[in-house]
Structures are given as C-alpha cells and as structure tokens.
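Q: show me the folded form of this:
(4 chains)
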2 protein chains.
Amino acid sequence: MNINSALSSLRNKGYRITKVRKEIVRIFSKSSVPLSAKQIEKIFSKKKFAVNKATIYRELQFLLQNNYLIKVYLHPNEISYESAKLEHHHHLVCNDCGSVDDTSNCVDGKLENYIYKEKGFKIEKHILEFYGTCAQCAKNIK
Amino acid sequence: MNINSALSSLRNKGYRITKVRKEIVRIFSKSSVPLSAKQIEKIFSKKKFAVNKATIYRELQFLLQNNYLIKVYLHPNEISYESAKLEHHHHLVCNDCGSVDDTSNCVDGKLENYIYKEKGFKIEKHILEFYGTCAQCAKNIK
DNA sequence: GTCTAAAATGCAAACGTGTCGCATTAAGAA
DNA sequence: TTCTTAATGCGACACGTTTGCATTTTAGAC
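A: Got it, this is the predicted structure:
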C-alpha cells in the first residue's frame, strides 16, 4: 500500500516511523488538494492530536527532502505541499470559496526548447496556477 | 509623459502627489524587473532618501489598488510588483544569480475556454513563472 | 501667503509564517 | 531491557507585512 511503502522506504534510509510522521504521510495520501503547515496544524487539532508547529514545519521539510512531497505556491506567503508521486499538474483556485481543483493542462512542451534557443535560458521548473471562479460559486452568485 | 500622466490621473481622483509617491512611480517606470518592498527600500536608502518601510508597503498597496501596479510572485515569502501597463508577459528567474528576464510566451489562448467547458471554472488570471539557469550563468559554470 | 481638512507619513508595536537552539522523549536495533 | 540518536516540545527568534495613532504635509479655498 502507498502509505506503508513510503514509510518503509524512509525506515530503510535509517529514519524512524513516528506517530507524527505516519499521520502526516496519511493526511497527504488522503488529501485531494495541496496543504500548508497551517492546514496540517488544523487537521491535527481537530483530531485532538497535540503537535508542536515546529515539528510540523520540520516534518514538511523532511518529506520534501526525501522526495515524498513537492512545494506548491497557491497563495502569497503560504507554501503548500502535495504528494510528489502525482502526475505533473496545475491548479484551479477559486477566488470565492478557496476550493482547489486540478488540471492536467500545462504549457506547450516545445516552449522549453524555444526559450532556450531564444534566450539561452535553461528552464528547470515552472509554476503555473489558475485563479478564477469555480462552477459551484458561479451557480451560487447567479 | 508616462509618469506624469499616472500621477495626474491619481490627482484627479483626489489623491496627493507626494515626494514618496512620485519617487516610487519613477522607480517602477525605470525598472526593467519587478521589485519588492525590500528592494524599493534599498533603492531609497542608496539615494539617502529616508522613508519608513510602512510607507513603502502602504504605497505599494495604494498603487496596486489604483491599477498602476500588479503583483508578481517570483520568490516565496516576497511579493514583487511591476507596472500594470506592460504587455502581458512572464519571467525567467535564474536560480544562480537571481536575474529576471521577461518572456512573452504564455499558455495557449484556447486553454481558458477549454477549462471552462471541461470544468465550468472561469479563469480570471494565472501566474506562470519559469526558473532555471540564465545564459550568463551557464557560461560561467562551464 | 495663510488657513484648513484630510491625505500621507513616521514610529512602534503587533502580526503570521517559518526557523532555531536546546533539553527531553521515544523509536528501534542490539 | 538497554542504548544511541532521531524526533519532539518549547520558547525565542527572524522576516515580511500590517496596524493604530500622533504628527506632518499636500493642495484647495480664502
């Protein structure tokens, strides 16, 4: 299973499987949207699971460095994370309700090569996120 | 002229043309790259022009609300701004030297419509930034 | 030029996200 | 069960940004 294979691969590297680590991995494996440290904190507090915020930040960095998570920039001054195992995709963020949906649409694959030829700039990664109004909110506004 | 027309349009709305406002508008009109509050602060201090940082932040918000500036997200935890009058474009950010170049390349124009049909999501804006190695740094590394 | 209302500023304190050092706890191998 | 050290909790800190409030400055009216 997904969660256990991630955890045992960490254990093989000499890291420990703690309650917090297990729970954070579980949270991300269940979530369909990227989550920030603040959101993780809320999820823990709802479960009456006491965790210090420093621990959460450290764990996010840990999972990032171990290629279990990747960073996602959805909101200014708030870094979100999502599973690194997902296929490359971008997000549709609703300005009204804050919901986040995925889209597999991306920039043209030829673009990277084109920009390299044009400018000599070698692209390593890009961020692309869409903001607007989701179907549900559009319905409600009418 | 560009700066004066911006300033007089603000004056027509009942706002005042102060030294700080004039200088910040001038700084953005001259800059070829987006600037953050911190960078604006540095430019002022180099000119021995004493300005409180709160004033800079307030002025950036003011110019944003009056459609003279737009927000640009180049770095996590640091919001940049650039003139709203520029043509729609994106940025090539060098991971080595931090330089920022423009590119007119963007997502396919049909995409907005496609996503609307697919998901009912109405896109209002998008952010798209590229990160990698600029030509100069690639040369230096070799 | 002087007066005046309110826009803009400076200052200090507060905020929110994220980081750090250090003592304590707990995972898991022996 | 013991032991090493990874992981945690705690408090303080760092940084970008915001806010309240007293003071200054703009610019229109006189």
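
Q: ok, which stretches of chain A are strands?
A: According to DSSP state E, chain A carries its strands in the segments A:35-36, A:69-75, A:78-83, A:90-94, A:100-103, A:122-133.

Q: can you tell me which of those is most buried?
A: strand A:90-94 (a mean of 21; mean count of other C-beta atoms under 10 Å in any protein chain shown). For glycine as for every other residue, the C-beta is placed from the backbone atoms N, C-alpha and C.

Q: contacts for it next, please.
A: Outside of strand A:90-94, the residues within contact range by C-beta atoms under 8 Å, 6 or more residues apart in numbering or on different chains are A:34, A:72, A:74-75, A:99-103, A:105-106, A:128-134, A:136-137, B:115, B:119, B:121, B:123.

Q: hmm, 6 Å instead?
A: A:74, A:100-101, A:103, A:128-131, A:134, A:137, B:121 (C-beta atoms under 6 Å, 6 or more residues apart in numbering or on different chains).

Q: go on, stretch A:19-36?
A: Applying C-beta under 6 Å, 6+ apart, the contact partners of stretch A:19-36 are A:2-3, A:6, A:43, A:51, A:55, A:59, A:72, A:78, A:80, A:82-83, A:100.

Q: closest to chain B among these?
A: residue A:78 (9.0 Å; C-beta to the nearest C-beta).

Q: any idea how far the nearest residue to the closest one once chain neighbours are set aside is from DNA strand D?
A: Once flanking residues are discounted, residue A:78 sits nearest to residue A:36: 5.0 Å by C-beta to C-beta, 6 or more residues apart in numbering or on different chains. The gap separating residue A:36 from DNA strand D is 15 Å, by C-beta to the nearest atom of the strand, to the nearest Å.

Q: list the beta-bridge partners for residue A:36.
A: residue A:80 (DSSP bridges).

Q: if we can go back for a sec, as a markdown table, the contacts of stretch A:19-36 with pLDDT would be great.
A: Listed next are the contacts of stretch A:19-36 as a markdown table, based on pLDDT from 0 to 100:
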| residue | pLDDT |
| --- | --- |
| A:2 | 79 |
| A:3 | 88 |
| A:6 | 92 |
| A:43 | 97 |
| A:51 | 97 |
| A:55 | 98 |
| A:59 | 98 |
| A:72 | 96 |
| A:78 | 90 |
| A:80 | 97 |
| A:82 | 98 |
| A:83 | 97 |
| A:100 | 97 |
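
Q: out of these, the closest to DNA strand D would be?
A: Of all the contacts of stretch A:19-36, DNA strand D sits closest to residue A:55, with 3.4 Å by C-beta to the nearest atom of the strand.

Q: what's the burial count for residue A:47?
A: By other C-beta atoms under 10 Å in any protein chain shown, 11 other residues sit near residue A:47.

Q: same question, residue A:58
A: 12.

Q: which residues of chain A lie near DNA strand C?
A: Applying C-beta under 7 Å from any atom of the strand, we find that chain A lies next to DNA strand C at A:11, A:16-19, A:36-38, A:53-54, A:57, A:61, A:77-79.

Q: buried ones among those?
A: A:36-37, A:79 (16 or more other C-beta atoms under 10 Å in any protein chain shown).

Q: reformat these as TSV; add distance to residue B:95.
A: Shown next, in TSV, are those (distance: C-beta to C-beta, whole Å):
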residue	distance to residue B:95
A:36	23
A:37	24
A:79	17
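
Q: on that earlier part again, so the residue nearest to residue A:78 versus residue A:81, what's the distance?
A: 7 Å (C-beta to C-beta, to the nearest Å).

Q: quick check: closest non-adjacent residue to residue A:49.
A: residue A:23 (6.7 Å).
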